[in-house]
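**Student:** Give the three-dimensional model of this entry:
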Amino acid sequence: MTEPGLVFAGAVIALLILIAELVWLWRLARRDSPMALPRLTILLITGAGAGLILALLLAMLGAEARWSGLALAAAGLAHGWDLWRRLRRQDR
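**Tutor:** Model (predicted):
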């Protein structure tokens with residue numbers, strides 16, 4: 001496999017791991033687990049990561065730059081919102 005192919009495969013694997021993490025954290029949020037996070041926190045964390053991975057995949061697929069930029073902007077907004085909530089201690 002060529003180097004770009006390895007990067008693309010790695011990004012797809014990372015996205016699949018992120019989806020599995022989302023499902024696992026979402027299921028924990030339904031229980032009284034000490035590891036449970038609020039659902040909005042889960043969505044913001046995974047949204048930021050998914051936006052970054054999606055931007056990489058879009059760029060590698062040759063999509064217009066505005067779509068990669070939109071994915072990066074969405075990731076940045078999700079990360080900023082999550083950080084703001086944590087600094088104000090609204091995530092728990």
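**Student:** Might you report the residue contacts of residue 47?
**Tutor:** 74-75, 78 (C-beta atoms under 8 Å, 6 or more residues apart in numbering). Where C-beta positions appear, they are placed from N, C-alpha and C, glycine not excepted.
**Student:** now do 10 Å
**Tutor:** By C-beta atoms under 10 Å, 6 or more residues apart in numbering, the residues touching residue 47 are 18, 22, 74-75, 77-79, 81-82.
**Student:** Residue 34 too?
**Tutor:** Contacts for residue 34 (C-beta under 10 Å, 6+ apart) come out as residue 28.
**Student:** what stretches of the protein score poorly on pLDDT?
**Tutor:** Scanning the chain with the threshold set as pLDDT under 70 gives 1, 90-92.
**Student:** centroid residue for this structure?
**Tutor:** Ranked by distance to the mean C-alpha position of the chain (C-alpha atoms, centre = their mean), the top residue is residue 49 at 2.3 Å.
**Student:** Could you measure from it over to residue 15?
**Tutor:** According to C-beta to C-beta, to the nearest Å, residue 49 stands 9 Å off from residue 15.
**Student:** Let me see the backbone angles for the residue nearest to the centre of the chain.
**Tutor:** phi -70, psi -40 (degrees, to the nearest 10).
**Student:** so which strand or helix has the nearest residue to it once chain neighbours are set aside?
**Tutor:** Take residue 49 and drop its neighbours on the chain: the residue closest to it by C-beta to C-beta, 6 or more residues apart in numbering is residue 18, 5.2 Å away. Per DSSP states H and E: residue 18 is located in helix 3-29.
**Student:** tell me which strands and helices that helix is in contact with?
**Tutor:** Under the contact definition 3 or more C-beta pairs under 10 Å, 6 or more residues apart in numbering; DSSP states H and E, helix 3-29 sits against helix 39-60.
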